[in-house]
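Novice: Quick one: sequence and predicted model below, then my questions.
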Amino acid sequence: MHPTLIKAAASADAARKRIERVADLLAKLMQDIHGDEWKVDISHEYQTEMVVIIPHPGRRHRKPAAPAPEVA
């Protein structure tokens, strides 16, 4: 495989992993605010890219936790 293709594939994979980490963080923050467990669904389909974060179906409602202070 050509080095340029290898570099592009590695860059795309790193970007995909960053998107997953950020979506997981957002789901955790939604849990902290609203309670419940939140589910992440990421689609990388052509012309239908989207990130959906919804309450996990079938879970009992839990009270929200007190938000933790942000660390910058």
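Specialist: Noted; the coordinates are in hand. Numbers count the residues shown, from 1 in each chain.

Novice: okay, CA-based contacts and neighbour counts for the rest of this
Specialist: Will do.

Novice: what residues are up against the residue nearest the centre of the chain?
Specialist: The centroid of the chain falls nearest to residue 23 when counting by C-alpha atoms, centre = their mean (1.7 Å). By C-alpha atoms under 8 Å, 6 or more residues apart in numbering, the contact set of residue 23 is 40, 51, 53.

Novice: Which members of these occur in strands, if any?
Specialist: Among the contacts of residue 23, the ones falling in strands (DSSP state E) are 40, 51, 53.

Novice: And these, which is closest to residue 14?
Specialist: residue 51 (16.8 Å; C-alpha to C-alpha).

Novice: Just grab the bridge partners of that closest one for me.
Specialist: Listed by DSSP bridges, the beta-bridge partners for residue 51 are residue 42.

Novice: Ends of stretch 25-42, what's the gap?
Specialist: This stretch, stretch 25-42, spans 14 Å end to end (C-alpha to C-alpha, to the nearest Å).

Novice: Now do the buried residues in it.
Specialist: 27-28, 30-32, 34-40 (16 or more other C-alpha atoms under 10 Å).

Novice: got the residue ranges for the strands in the protein?
Specialist: Ranges of strands within the chain are 38-43, 50-55, based on DSSP E.

Novice: can you put those strands in TSV and add mean pLDDT?
Specialist: Listed next are the strands of the chain as TSV, based on pLDDT from 0 to 100:
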stretch	mean pLDDT
strand 38-43	89
strand 50-55	86
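
Novice: Need those in JSON lines (columns: distance to residue 5).
Specialist: JSON lines is the format used below for those (distance: least, C-alpha to C-alpha, whole Å):
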{"stretch": "strand 38-43", "distance to residue 5": "23"}
{"stretch": "strand 50-55", "distance to residue 5": "25"}
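
Novice: Count the residues that sit near residue 15.
Specialist: Using other C-alpha atoms under 10 Å, residue 15 is surrounded by 12 other residues.

Novice: And the pLDDT at it?
Specialist: pLDDT recorded at residue 15 is 92.

Novice: Over to residue 64?
Specialist: Value for residue 64, per-residue pLDDT: 57.
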